[in-house]
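S.K.: my questions are about this predicted structure, shown below with the sequence.
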Amino acid sequence: MISVEEALERILRDISPLDVTQVPLPQSLGLVLAEDVVAQEDIPPFANSAMDGFALLSRDSQPRDGQPPRLRVTGGVAAGYVADHAVEEGTAMRIMTGAPVPPGADTVIQVELTRSTGPDSEWVEILETVERGNNIRPAGEDMRRGQTILLRGSEIGPWEIGVLATLGWAVVPVVRRPHVAIVSTGDEVVDVSEPLQPGKIRNSNGYLLEAAIRRAGAEPHRLGIALDTVESLREKFSQAIQYDLIITSGGVSVGDFDLVKNIMAEQGAINFWRINMRPGKPVAFGHIGSVPLLGLPGNPVSAAVTFELFARPVIRKMLGHTRLLRPQIDVVVEDGVSDRAMRRHYVRAKVQWRDGLFVARTTGNQGSHIMTSLLNANALVIVPEGGVEVHPGDTAKAIMLDWPEV
Ligand code: AMP
Ligand code: MG
């Protein structure tokens, strides 16, 4: 039996980021940029007005004999158009936010600081002196042509998408999204839509894992349920090997019907199959052909917890992320954990910020078949190996499942 740390290290050592592909800009959300993004032009591409107002020469804004100067309005320029003539001494042009500053003008005064007879006024009075460059957003103020704006390896979020759109990247080079096969195992397992016959249970793992895989950023493919026979498992694995990763549930412990390990040994290699933890001791890692396989336990809570600890980092590494693991923080365990386990125990808990502290409350019965212990849990409190008891009010480490990876 190996430690959680050793298991994670052995798994991640074997996983590499997938290949690079080009995707349409909207589909790049959540993916990892595969190239540096260098601006091919200045942004903004031209000097433009930050206000609705008038473009003029700054020296024309000086009062004359204590009176506001009156300038002749020679036309206007709206956003999306360019002026067809220049601003000369003694004149001004109406200008809208985002419109290119007309030649000749070196400043813009906002409409509130002027007086005129309205939108068709042939003159404008300038009520305040304005400096050169006032309300003008210079070309290249945001990004300069040739400047590196985004580094490869960055995760693409809505704000990065905005920057990429600004720079004209209609398609984006990204690390490809992994496709993950899900195989549920067990003669007792039936699909969610089937009637429950005596002795049978519904396939919760297949659906839970599908959702968790999608949330981790990969594309899940539920291949259904394999019976506890070598033939049935072989048939499922022959489909599963076209994907980037295979995740199974059940069939990896020491029972007579726990055949996933056997097929791994037959068609690939077993790296390990037991981890010193609870829930989820029987976790197998290895390959079918060249496709990595994570064999998660059948018990639903074990499958859920081991997915978070091992499968999610695998998917993130395949996606090209460098931050793979959820943050750990110190929490005060309000109700304590009294059941002593020799294995490291990951206790589902709700962590909240209260009076300057992170306080954890465990979610009740922690049996690996108690699915409701997952509900309302946003953290895993770590109880160290060796039969440690956590008393109410003790401090422990917790993995924050709803905080971004660090
Ligand atoms: P196993 O690891 O195959 O020995 O399964 C351990 C426990 O998990 C058994 O009680 C199984 O019935 C249950 N189990 C296995 N697969 C599933 C599944 N897909 N959904 C829900 N429970 C399962
Ligand atoms: Mg089974």
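M.R.: Received, thanks. Ligands and ions are numbered 1, 2, ... in the order given.
S.K.: what separates stretch 256-274 from the chain centre, distance-wise?
M.R.: Centre-to-centre, stretch 256-274 and its host chain are 33 Å apart (Cα atoms, centre = their mean, to the nearest Å).
S.K.: hmm, it touching ligand 2?
M.R.: No: counting by Cβ under 5 Å from the ion, no contacts exist between stretch 256-274 and ligand 2, the nearest distance being 5.7 Å. Bear in mind the C-beta positions are built from the backbone N, C-alpha and C, glycine included.
S.K.: list the contacts of Gly387.
M.R.: 340-342 (Cβ atoms under 8 Å, 6 or more residues apart in numbering).
S.K.: and the stretch 201-350 of the chain, which residues reach ligand 2?
M.R.: Proximity of the stretch 201-350 of the chain to ligand 2 is confined to 250-251, 298 under the rule Cβ under 5 Å from the ion.
S.K.: next, the residue in the stretch 251-400 of the chain that ligand 1 sits nearest to: secondary structure please.
M.R.: Nearest residue of the stretch 251-400 of the chain to ligand 1 (Cβ to the nearest ligand atom) works out as Gly298 at 2.3 Å. Secondary structure state of Gly298, per DSSP: H, G, I helix; E, B strand; the rest coil, is coil.
S.K.: tell me the pLDDT of the nearest residue to it once chain neighbours are set aside.
M.R.: Distances taken as Cβ to Cβ, 6 or more residues apart in numbering place Gly250 nearest to Gly298, at 3.1 Å, with adjacent residues excluded. Among the per-residue scores, Gly250 shows a pLDDT of 96.
S.K.: Gly250: neighbour count?
M.R.: By the measure other Cβ atoms under 10 Å, the count of residues near Gly250 is 29.
S.K.: with the one 10 residues further on instead?
M.R.: Residues near Val260, counting by other Cβ under 10 Å, number 30.
S.K.: next, it: phi, psi?
M.R.: According to degrees, to the nearest 10, the main-chain angles of Val260 amount to phi -60, psi -40.
S.K.: hang on, isn't it packed against Pro297?
M.R.: No: counting by Cβ atoms under 8 Å, Val260 does not reach Pro297; the two are 10.6 Å apart.
S.K.: overlap in contacts, the two.
M.R.: Between them, Val260 and Pro297 share these contacting residues under Cβ under 8 Å, 6+ apart: 250, 252.
S.K.: could you list every helix and strand in contact with the worst-scoring helix or strand of the chain on mean pLDDT?
M.R.: Using mean pLDDT, DSSP states H and E, the weakest-scoring helix or strand in the chain turns out to be helix 260-267, at a mean of 93. For helix 260-267, the packing partners by 3 or more Cβ pairs under 8 Å, 6 or more residues apart in numbering; DSSP states H and E come out as helix 230-240, strand 284-288, strand 291-296.
S.K.: mind putting those in a markdown table, mean neighbour count included?
M.R.: Listed next are the helices and strands packed on helix 260-267 as a markdown table, based on neighbours: other Cβ atoms under 10 Å:
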| stretch | mean neighbour count |
| --- | --- |
| helix 230-240 | 17 |
| strand 284-288 | 22 |
| strand 291-296 | 24 |
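S.K.: so for Ala377, which of those sits nearest?
M.R.: When those are compared by Cβ to Cβ, strand 291-296 sits nearest Ala377, at 17.6 Å.
S.K.: how far is the helix or strand following the closest one from where the chain is centred?
M.R.: Heading C-terminal from strand 291-296, the first helix or strand you meet, by DSSP states H and E, is helix 300-306. Taking Cα atoms, centre = their mean, the mean C-alpha location of helix 300-306 is offset from the chain mean by 22 Å.
S.K.: and helix 300-306, what does it pack onto?
M.R.: Against helix 300-306 (3+ Cβ pairs under 8 Å, 6+ apart) you get helix 204-216, strand 291-296, strand 344-354.
S.K.: and the contacts of that helix?
M.R.: Defining contact as Cβ under 8 Å, 6+ apart, one finds that helix 300-306 is touched by 204-205, 208-209, 212, 249, 275, 279-283, 296-297, 346, 348, 367-371, 373-374, 380.
S.K.: are any of these buried, and which?
M.R.: With neighbours counted by 16 or more other Cβ atoms under 10 Å, these contain buried members at 204-205, 208-209, 212, 249, 275, 279-283, 296-297, 346, 348, 368, 370, 373, 380.
S.K.: what is the burial count for Asp256?
M.R.: 6.
S.K.: what strand or helix carries it?
M.R.: Judged by DSSP H and E, Asp256 forms part of no helix or strand.
S.K.: what bridges to the residue nearest to Leu209 when sequence neighbours are not counted?
M.R.: Once flanking residues are discounted, Leu209 sits nearest to Ile182: 5.1 Å by Cβ to Cβ, 6+ apart. On the basis of DSSP bridges, Ile182 is bridged to Arg222, Ile247.
S.K.: before we move on, back to that, list just the nearest of the residues of the stretch 201-350 of the chain next to ligand 2 to Ile288.
M.R.: Among those, Gly251 lies closest to Ile288 (Cβ to Cβ), at 13.5 Å.
S.K.: how much space between that closest one and Met371?
M.R.: Remark: distance between Gly251 and Met371 (Cβ to Cβ, to the nearest Å) = 19 Å.
S.K.: go on, Phe237?
M.R.: Noted for Phe237: a distance of 27 Å to Met371, by Cβ to Cβ.
S.K.: thinking again about what came up before, columns distance to Val333 on top of the helices and strands packed on helix 300-306, output as TSV?
M.R.: Listed next are the helices and strands packed on helix 300-306 as TSV, based on distance: least, Cβ to Cβ, whole Å:
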stretch	distance to Val333
helix 204-216	25
strand 291-296	26
strand 344-354	7
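S.K.: reformat the residues of the stretch 201-350 of the chain next to ligand 2 as JSON lines; add distance to His321.
M.R.: Formatted as JSON lines, those follow (distance: Cβ to Cβ, whole Å):
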{"residue": "Gly250", "distance to His321": "29"}
{"residue": "Gly251", "distance to His321": "30"}
{"residue": "Gly298", "distance to His321": "29"}
